[in-house]
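K.L.:
generate a structure from the sequence data that follows.
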Amino acid sequence: MRSVRFRALVGLWTVLSLVPIVMFLLAPVCRAQGSEEKAAKYMESVRHQPGLLLAFLQQMPKGGDLHVHLSGAIYAESFIDWASENALCVDRSTSKLIHAACDSCESYKVKPSVRCAYKDPILYDQLIDAWSMRNWHEAEESGHDHFFGTFDKFGPAMQNHVGDAFAEVASRAAADHLQYVEVMHTVDGGQAAILGTKTIGPDFQWEANTDFGKLRETLLAGGMADVVASVRSTLDADEARQKEVLHCGTAQAAPGCAVTLRYLYQVLRGLPREQVFTQILLGFELTKADPRFVGFNLVMPEDTYVPMHDFDLHMRMIEALHKFYPVTHVSLHADELWMGLVPPEGLRFHIRESIERGGAERIGHGTAVMSEDDPIGLLKEMAKKNVLVEICLTSNDLILGVSGERHPLTTYIKYGVPVALATDDLGVSRSDMTHEYLRAVEDIGLSYGELKRMARESLEHSFIPGESLWSDGRELRRTAVCAADRSARDRESEKCEKFIRENERARLQWELEKAFGEFERMY
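P.N.:
Here you go, the predicted model:
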């Protein structure tokens, strides 16, 4: 009997002696969970107090912005400054910038210098309203038409100011507590389109059995390497200007210097077929030649004639070329559409073809997913293939009139499809990433945990190179080498530190976890 009691006491003592060790090991986890829970509770307490909610979301770490067009990201006030520096005139009747001999600044003059806007409040306000969605009136013009109509008006202001635009994008990202931005940019200035017209020609017959590989060889032999070299040189100069504007590398370095920018080559899918094909090839070639280009995308309004009529051809082009560049990443705009904008049959296949033929790893917008053939089957396929949807709440509302319960964001979440918020064209929309998060809370009803997961997903599904901090991109479990480093307050182990140092993706993800730790401890 005594021996039984002795063994029991020894066992109890052993268990009790392990308690401090277990508690020590679990303490970082408990701290992290406790802080996250408190932050979540605070957000719920201010959910219906817009000012406090905005302040909370503004400070929240947000990871990356994976869907942003360079020219659309710039606020109209900057375009006025750049157009003035470029000595451009503006047509008062259309608000379009023009290269011409400018009229004087009197209000009755038709083509005044943009500089006149600085002393003419009416002209200044007219330009901002025409070059953005500010003061847009639905009764006068559809949001779709006004939105897409802005680009032709302010376009010439970008000349010689791409580096300044990079600086503005980086600065706004830093202010929004973003670490990473993938910028869509047609950086070649039309060189690929010209090469396509010269080499393939507008009379080429595009058939079901077109030999895309042979066309590729023709373009590579016809001067594609020169276009690639020109693009890289141009980007060098533009990035140098960005660093100059932000004072990077100096004691006065702006916060934007800490934001990582990478580029998606932007194919203009509304152009003639030979030009679209050549731009797609340039997108593939750039990702092979320059690590700053991490993929490509097709842009321009999806509902217009050429993108709708040639959609299948464009997917076949990408499918054929992808075989020559198997590691190139692809993100595709698909279903930035809604019932009535195009016939019903135009809503039934864009996402599925983009994934199954275009090889898209991410889908931009995906607003009309429930109008696709077998939408539930498609959602399950997207979840299985881990295809992320770049959710652009503000532009979906302004362009398509889709918001709140009509938006498919919660449906994607329900079926396990990864999602991340994105700004799309924040300058034209007069928005920023913080207000995308605000819409997600106020209009969609998302929780803090759902917002935090989307921030993590934005980096997990970015095209930044390197291994992930997460061993499982679905459950977001730490990779084994960093599994023990549970808290942002703990210094990572030597092995984990080496892993993070050698993998850019993991480094950004680790920085996001640290930022979440610091943010949540405030609550």
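K.L.:
how about the contacts made by the closest residue to Ala167 other than its chain neighbours?
P.N.:
Once flanking residues are discounted, Ala167 sits nearest to Val245: 4.0 Å by Cβ to Cβ, 6 or more residues apart in numbering. In short, each C-beta sits where N, CA and C put it, glycine included. Contact partners of Val245, counting by Cβ atoms under 8 Å, 6 or more residues apart in numbering, are 163-164, 167.
K.L.:
can you tell me which of those has the most neighbours?
P.N.:
Using other Cβ atoms under 10 Å as the neighbour criterion, Ala167 leads the contacts of Val245 with 26 neighbours.
K.L.:
the residue nearest to Ala167 in helix, strand or coil?
P.N.:
Using DSSP: H, G, I helix; E, B strand; the rest coil, the structure places Val245 in helix.
K.L.:
okay, it: pLDDT?
P.N.:
We have a pLDDT of 98 for Val245.
K.L.:
before we move on, what about Val15?
P.N.:
43.
K.L.:
one more: Arg2?
P.N.:
So, for Arg2, pLDDT stands at 46.
K.L.:
domain map for this structure?
P.N.:
70-158, 162-460 (automatic domain parsing).
K.L.:
out of these, nearest to Pro61?
P.N.:
Proximity to Pro61 (Cβ to Cβ) singles out domain 162-460 among the domains of the chain, at 5.1 Å.
K.L.:
for that closest one, measure first residue to last.
P.N.:
Here the two ends of domain 162-460 are set 28 Å apart, with distance taken as Cα to Cα, to the nearest Å.
K.L.:
try stretch 59-75
P.N.:
Stretch 59-75 end-to-end distance (Cα to Cα) = 22 Å.
K.L.:
same thing with stretch 188-206?
P.N.:
Counting by Cα to Cα, the terminal residues of stretch 188-206 are separated by 25 Å.
K.L.:
likewise stretch 49-66?
P.N.:
End-to-end distance (Cα to Cα), stretch 49-66: 29 Å.
K.L.:
now stretch 104-122
P.N.:
16 Å.
K.L.:
next one: that stretch to chain centre, how far?
P.N.:
36 Å (Cα atoms, centre = their mean, to the nearest Å).
K.L.:
now do the buried residues in it.
P.N.:
By neighbour count on 16 or more other Cβ atoms under 10 Å, the buried set for stretch 104-122 is 112-117, 120.
K.L.:
ok, now stretch 258-274?
P.N.:
259-274.
K.L.:
which of those residues fall within strands?
P.N.:
260-268 (DSSP state E).
K.L.:
and of those, the nearest to Thr278?
P.N.:
The closest of these to Thr278 turns out to be Val267 (Cβ to Cβ; 9.3 Å).
K.L.:
can you name every helix or strand that the strand or helix carrying Leu127 contacts?
P.N.:
Using DSSP states H and E, the element containing Leu127 is helix 121-130. Under the contact definition 3 or more Cβ pairs under 8 Å, 6 or more residues apart in numbering; DSSP states H and E, helix 121-130 sits against helix 76-85.
K.L.:
what helices or strands is the helix or strand following the helix it packs on leaning on?
P.N.:
Per DSSP H and E, helix 76-85 leads on to strand 89-91 as the next helix or strand towards the C-terminus. When contacts are defined as 3+ Cβ pairs under 8 Å, 6+ apart, strand 89-91 packs onto strand 96-98.
K.L.:
where does the protein have low pLDDT?
P.N.:
1-33, 473, 485-492 (pLDDT under 70).
K.L.:
run the chain-centre distance for the helix or strand hosting Asp145.
P.N.:
Secondary structure assignment for Asp145, by DSSP H and E: helix 143-154. Offset of helix 143-154 from its chain centre (Cα atoms, centre = their mean): 20 Å.
K.L.:
quick one: contacts of that helix?
P.N.:
71-72, 76, 79, 83, 94-97, 130-133, 136, 141, 301, 303, 341, 395, 398-401, 425, 428-429.
K.L.:
what do you get for stretch 303-310?
P.N.:
By Cβ under 8 Å, 6+ apart, stretch 303-310 touches 144, 269-273, 276, 298, 300-302, 314, 336-337, 341-342, 346.
K.L.:
mind running it again at 7 Å?
P.N.:
269-270, 273, 300-301, 337, 341-342, 346 (Cβ atoms under 7 Å, 6 or more residues apart in numbering).
K.L.:
what does stretch 385-405 give?
P.N.:
By Cβ under 7 Å, 6+ apart, stretch 385-405 touches 66-67, 133, 143-144, 147, 338, 355, 360-367, 407, 409, 412, 417-422, 424-425, 429, 431, 435-436, 439-440, 443, 457, 461, 473-474.
K.L.:
and those, which of them are buried?
P.N.:
For those, buried by 16+ other Cβ under 10 Å: 66-67, 133, 143-144, 147, 338, 355, 360-367, 407, 409, 412, 417-422, 424-425, 429, 431, 435-436, 439-440, 457, 461.
K.L.:
just these: which are in helices?
P.N.:
143-144, 147, 355, 409, 412, 429, 435-436, 439-440, 457 (DSSP state H).
K.L.:
and those residues, which two are furthest apart?
P.N.:
Ile355 and His435 (29.4 Å).
K.L.:
and stretch 329-346, how far apart are its ends?
P.N.:
Where stretch 329-346 begins and where it ends lie 26 Å apart, using Cα to Cα.
K.L.:
give me the buried positions along that stretch.
P.N.:
Buried, per 16+ other Cβ under 10 Å, within stretch 329-346: 329-338, 341-342, 346.
K.L.:
swap in stretch 371-383?
P.N.:
Result for stretch 371-383 [16+ other Cβ under 10 Å]: buried residues 371-372, 375, 378-379, 381-383.
K.L.:
name whatever forms a beta bridge with the closest residue to Ala100 other than its chain neighbours.
P.N.:
Residue nearest to Ala100 in three dimensions, not counting chain neighbours: Cys89, with 5.0 Å by Cβ to Cβ, 6+ apart. Beta-bridge partners of Cys89, counted by DSSP bridges, are Ile98, Ser113.
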